[in-house]
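# predicted model and sequence below, questions to follow.
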Amino acid sequence: MTTPTIVTRSEWLDARRDLLSEEKAFTRQRDALSARRRQMPWVKIEEDYRFQTSAGERSLPDLFGTARQLIVQHFMLGEGWEAGCPSCSFWADGYDGTIVHLNQRDAAFVAVSIAPLEQIEAYKARMGWRFDWVSSQGSRFNRDFQVTFTEDEVSSGEVQYNFGKTSFPVTEAPGASVFTRAEDGTVYHTYSCYARGLDMLNVTYQYLDLLPNGRGEGDLPHPMAWVRRHDEYGA
C-alpha cells in the first residue's frame with residue numbers, strides 16, 4: 001500500500017469530485033464500447049456440436065432452453081484433472097448467483113469443459129455451485145473456440161489463443177463466448193473474449209479495485225498467485 005496523503009474532509013471532497021469526473025468519462029467510454037460490442041457481425045454456426053449433460057446428450061441450440069441468447073463460460077477442467085482451475089473457480093464463485101437474473105433478460109448461461117461429465121459433476125458438487133455445466137468431450141467445440149490445445153502445441157510454445165498466436169502453459173484455457181438464436185432456430189456466434197478480457201466478469205476483482213491496496217498482486221510471482229479454490233483458504 002502506498003503512503004497516503006492525509007487531508008481535511010473538505011480537501012478529500014475536492015479530490016473525490018475531481019476523480020468522479022474521470023470516472024464518469026470512463027463510464028461513458030465503457031458504454032460506447034459496449035454498444036460497439038453489440039454491433040459486432042454474427043457468424044452462423046454450421047457445426048452440429050454435441051454436449052453431455054445431466055439430462056442426456058444435447059445440441060448447442062438445446063443449451064438455450066427457452067432463451068434467445070446464450071453465454072458459454074469456457075471452464076478449464078481437462079480429462080483426469082484432480083480439480084478445476086483455481087482461477088476459473090474464482091470466476092465461478094462470482095457468476096454462480098447471477099444466473100437467475102440473466103434468465104430475466106432472455107439469456108441462458110452454461111459452463112463448458114472438455115472433461116467427462118462425471119468429473120464435472122463431482123467437482124461441481126464439491127464447490128456447491130448451481131449453474132449448468134456440461135461436457136464437450138467428443139466434440140470440436142473447445143478446439144473451434146480456441147480454449148483446448150494439444151500437448152504438442154503447448155510444448156512448441158505456440159497456440160492459437162485470444163485471436164493470435166501465443167504461448168500457454170497447459171492444454172486448457174479460459175474464455176467466454178456469446179451466441180444468439182434467430183426466429184428460425186439458426187444459431188449465431190456473436191462475441192468471445194479471453195485472457196484479460198475476462199477481467200470485467202470477475203466481481204471480486206471489481207471490489208478489490210476500490211480498496212487502498214487494490215488487488216495487492218504487485219509483489220507476487222504472478223498476479224493470481226494468491227487465488228485458491230474457496231474451500232482451500234483455511235481459517
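In hand now; what should we look at?
# give me the element Val154 is part of.
In this structure, Val154 sits in helix 151-156 according to DSSP states H and E.
# hmm, who's touching the following helix or strand past that helix?
Along the chain past helix 151-156, the next helix or strand (assigned with DSSP H and E) turns out to be strand 159-161. Counting contacts by CB atoms under 8 Å, 6 or more residues apart in numbering, the residues outside strand 159-161 that touch it are 146-147, 149, 153, 165-168, 173, 194-195. For the C-beta atoms, the positions are set from N, CA and C on the backbone; glycine is no exception.
# in its sheet, what does strand 159-161 sit against?
Strand pairing for strand 159-161, determined by DSSP bridges: strand 164-166 (antiparallel).
# if we can go back for a sec, could the contacts of strand 159-161 be laid out in a markdown table, adding distance to Leu20 and neighbour count?
Below are the contacts of strand 159-161 laid out as a markdown table (distance: CB to CB, whole Å; neighbours: other CB atoms under 10 Å):
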| residue | distance to Leu20 | neighbour count |
| --- | --- | --- |
| Gln146 | 39 | 19 |
| Val147 | 39 | 28 |
| Phe149 | 44 | 21 |
| Glu153 | 47 | 17 |
| Lys165 | 41 | 11 |
| Thr166 | 37 | 14 |
| Ser167 | 41 | 11 |
| Phe168 | 39 | 18 |
| Ala173 | 37 | 23 |
| Tyr194 | 32 | 19 |
| Ala195 | 30 | 14 |
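# just the strands in the protein please.
Across the chain, reading from the start of the chain, the strands by DSSP state E fall at 43-44, 50-53, 56-59, 69-74, 107-113, 133-135, 159-161, 164-166, 175-181, 187-194.
# out of those, which is closest to Pro221?
With CB to CB, the closest approach to Pro221 among the strands of the chain belongs to strand 164-166: 19.7 Å.
# residues touching Ala67, list them.
103, 106-108, 181.
# show me which pair in these is furthest apart.
Within those (distances taken as CB to CB), the two that end up farthest apart are Asn103 and Arg181, at 14.9 Å.
# more crowded one of those two?
Arg181 (19 against 14; other CB atoms under 10 Å).
# how far off centre is the helix ranked longest in the chain?
When the chain is parsed with DSSP state H, its longest helix is helix 9-38. For helix 9-38, the gap between its own C-alpha mean and the chain's C-alpha mean amounts to 25 Å (CA atoms, centre = their mean, to the nearest Å).
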